[in-house]
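> below are the sequence and a predicted model; questions follow.
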Amino acid sequence: MGGSRRLENMNPDVGPKPSQQPRSEAEKSALGVTQILFRAFLLTALGAFFVFSLNVNYVWLSAILTLAGLVLGVVVLVRTLKYKHPRLILFGTISGLIVSAVMCLLILTSVLFFNQVSTYQDCSRGALTESAKTQCMTQLENSMPRPLR
């Protein structure tokens with residue numbers, strides 16, 4: 001005959017449980033502060049991206065939001081490692097810092113070639129057809145310095 005099919009053998013609540021220590025009030029408080037900082041970090045990173053995509057004339061606001069996001073990201077990263085918070089916060093923070101680093105490169109490029117990017121944005125807003133969009137892109141490529149073409 002096979003093994004026992006008694007009810008207590010089928011109940012997952014019976015038997016040894018993995019040890020999960022209850023968190024102290026200080027740990028709960030530290031986790032709450034880290035979660036608030038993490039949310040603020042994500043909002044500033046997303047805000048910087050949306051402001052940047054809105055208009056190149058707001059590149060200064062995007063730069064401020066990106067710098068604030070980088071500072072918040074580093075603070076959250078340090079707190080997450082120091083207090084051993086969940087890995088999801090760590091993964092989100094690292095991903096957000098990578099996005100913020102890419103945003104820094106985009107902002108720096110936009111600042112260096114502000115006139116060309118501004119002209120391209122104005123041209124592409126009025127471009128209704130694919131050929132008009134292609135013409136705007138060609139105009140942007142021709143306005144860039146030779147080594148960057």
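Sure, I can see it. Numbering: from 1, shown residues only.
> what's in contact with stretch 89-102?
34-35, 38, 41-42, 45, 48-49, 66, 69-70, 73-74, 76-77, 80-81 (C-beta atoms under 8 Å, 6 or more residues apart in numbering). (Glycine included, C-beta is placed from N, CA and C.)
> can you do 10 Å?
Contact with stretch 89-102 is made by 31, 34-35, 37-38, 41-42, 44-46, 48-49, 65-81, 83-86, as judged by C-beta atoms under 10 Å, 6 or more residues apart in numbering.
> quick check: buried residues in it?
Ile89, Leu90, Gly92, Thr93, Gly96, Leu97, Val99, Ser100 (16 or more other C-beta atoms under 10 Å).
> which ones among these map onto helices?
Per DSSP state H, helices hold the following members of the buried residues of stretch 89-102: Ile89, Leu90, Gly92, Thr93, Gly96, Leu97, Val99, Ser100.
> so what's the fourth one scoring on pLDDT?
You'll see Thr93 listed with a pLDDT of 96.
> where's it relative to Met144, distance?
To Met144, Thr93 is 35 Å away according to C-beta to C-beta, to the nearest Å.
> TSV please, covering the ones in helices among the buried residues of stretch 89-102 and showing distance to Arg23.
Below are those laid out as TSV (distance: C-beta to C-beta, whole Å):
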residue	distance to Arg23
Ile89	15
Leu90	17
Gly92	20
Thr93	20
Gly96	25
Leu97	26
Val99	30
Ser100	30
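> between those residues, which sits nearest Val59?
Val59 lies nearest to Ser100 out of these, by C-beta to C-beta, at 15.1 Å.
> just the buried ones from the contacts of stretch 89-102?
Buried among those by 16+ other C-beta under 10 Å: 31, 34, 37-38, 41-42, 44-45, 48-49, 65-70, 72-73, 75-77, 79-80, 85.
> which outside residues touch the helix or strand harbouring Thr134?
Per DSSP states H and E, Thr134 falls inside helix 130-143. With C-beta under 10 Å, 6+ apart as the test, helix 130-143 has contacts from 113, 115-117, 119-127, 129, 148-149.
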